[in-house]
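Novice: predicted model, plus sequence, below.
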Amino acid sequence: MDQAKVVDFIGRVPVLGSTLRKLARRYPEGSVVDVRTGAAAGLKWKRHHRYPNGYWVGHYELEIQNTLKRELKAGGVVYDVGANAGFFTLIAARLVGPAGRVLAFDPAPENCESIREQVELNGYAPFCTAVQKAVGGKAGRATFSFDASGSTTGHLGGAQGGERSVEVEVTTLDDAAAAYGAPTFIKLDVEGAEGDVMAGARRLLSSGAARPAWLIELHNPQCDAEVRRHLAAAGYQFFEVVIATARHQHHVIARPA
């Protein structure tokens with residue numbers, strides 16, 4: 001068992017996990033460390049208390065890290081849609097290297113600030129860019145709601161249950177491809193709005209040999225059905241990725257047939 005898996009296992013043991021999390025929360029806000037384990041091991045990470053400790057420890061969603069390691073190649077163009085603090089953005093940048101490019105899309109100002117910090121710390125700025133926009137079915141402006149700064153569960157739409165909200169710019173994947181270049185791989189996690197994002201990717205999905213592969217988090221049966229309908233109509237094949245998180249989220253890899 002590698003080090004990241006050991007840390008992940010210990011974190012799931014009730015007493016040990018809670019003790020480790022209490023210790024981890026004592027770090028100084030804004031301190032910089034080397035990521036300890038996983039696909040980002042050795043990279044620099046600027047720590048903020050608003051984000052999970054699993055980012056800088058390196059064991060956050062190991063199955064997704066390993067999937068990116070298998071799927072991404074040097075020279076690829078990656079869109080990280082719903083990038084949060086930029087943890088998977090860094091892994092993608094490491095894997096595609098300076099011959100490739102990574103675009104990290106997130107509408108939250110705090111998240112984009114973190115992405116830019118992490119990218120600059122690691123020298124990836126020449127080929128890795130934070131784009132402070134939501135991605136949806138049509139371009140324009142919309143309300144983005146979230147529990148707290150750094151939350152991984154923000155969504156487009158009105159605030160619910162005490163959430164905060166801000167007005168944000170929205171782009172589509174088709175417009176992004178026209179502005180930044182077409183992606184070869186898209187990691188998509190937008191908290192149940194994945195079907196709406198697909199509706200804004202019609203040109204991308206019908207672009208023949210240039211169509212990207214996808215890693216998509218599916219949040220509910222309706223989301224699952226919408227995503228599969230769009231991708232099946234475009235001739236994609238599906239490969240399941242099962243991850244063990246507290247919310248038991250379901251992921252799928254989709255590649256052009």
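Specialist: Yep, it's here.
Novice: quick check, F239 in contact with V252.
Specialist: Yes: shown here, F239 and V252 form a contact pair, counting by CB atoms under 8 Å, at 7.0 Å. All C-beta spots, glycine's among them, are computed from the backbone N, C-alpha and C.
Novice: which one's more surrounded, those two?
Specialist: V252 (21 against 13; other CB atoms under 10 Å).
Novice: now that one: which helix or strand?
Specialist: Using DSSP states H and E, V252 sits within strand 250-256.
Novice: ok, that strand: who's next to it in the sheet?
Specialist: Strand 250-256 sits in its sheet next to strand 213-218 (antiparallel), strand 236-242 (antiparallel), going by DSSP bridges.
Novice: would TSV of the ones you listed with mean pLDDT be doable?
Specialist: Formatted as TSV, those follow (pLDDT from 0 to 100):
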stretch	mean pLDDT
strand 213-218	93
strand 236-242	85
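Novice: any idea which of those strands is most buried?
Specialist: Mean neighbours per residue, mean count of other CB atoms under 10 Å, is largest over these for strand 213-218, with a mean of 23.
Novice: so after that strand, what's the next helix or strand?
Specialist: From strand 213-218, the next helix or strand downstream (DSSP H and E) is helix 221-233.
Novice: which ones are touching I253?
Specialist: 67, 71, 213-215, 238-241 (CB atoms under 8 Å, 6 or more residues apart in numbering).
Novice: scratch that, W56 is what I was asking about
Specialist: Contacts of W56 by CB under 8 Å, 6+ apart are 33, 35-36, 45, 47.
Novice: gap between it and V33?
Specialist: W56 sits 6 Å away from V33, going by CB to CB, to the nearest Å.
Novice: what about V32, distance to E63?
Specialist: For V32, the distance to E63 equals 27 Å [CB to CB].
Novice: which pLDDT value goes with the residue nearest to F239 when sequence neighbours are not counted?
Specialist: Among residues not flanking F239 along the chain, I253 sits closest, at 4.2 Å (CB to CB, 6 or more residues apart in numbering). Listed pLDDT for I253 reads 95.
Novice: give me the below-cutoff pLDDT ranges for the stretch 151-257 of the chain.
Specialist: Along the stretch 151-257 of the chain, segments meeting pLDDT under 70 span 151-163, 243-249.
Novice: what's the neighbour count on L68?
Specialist: Neighbours of L68 (other CB under 10 Å): 21.
Novice: now do the contacts for it.
Specialist: Counting by CB under 8 Å, 6+ apart, L68 makes contact with 39, 88, 91-92, 95, 187, 215.
Novice: can I get stretch 35-43 as PDB, trimmed to CA atoms?
Specialist: Coordinates of the C-alpha atoms in stretch 35-43 are reproduced here as PDB (Å, rounded to 0.1, in the frame of the first residue of the first chain):
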ATOM      1  CA  VAL A  35       2.400  18.100  -1.000                       C
ATOM      2  CA  ARG A  36       3.300  14.900   0.800                       C
ATOM      3  CA  THR A  37       1.700  12.100  -1.100                       C
ATOM      4  CA  GLY A  38      -0.300  11.100  -4.200                       C
ATOM      5  CA  ALA A  39       0.000  12.400  -7.800                       C
ATOM      6  CA  ALA A  40       0.900  15.900  -6.600                       C
ATOM      7  CA  ALA A  41       3.700  14.800  -4.200                       C
ATOM      8  CA  GLY A  42       6.500  17.300  -4.200                       C
ATOM      9  CA  LEU A  43       4.500  20.100  -5.600                       C
END
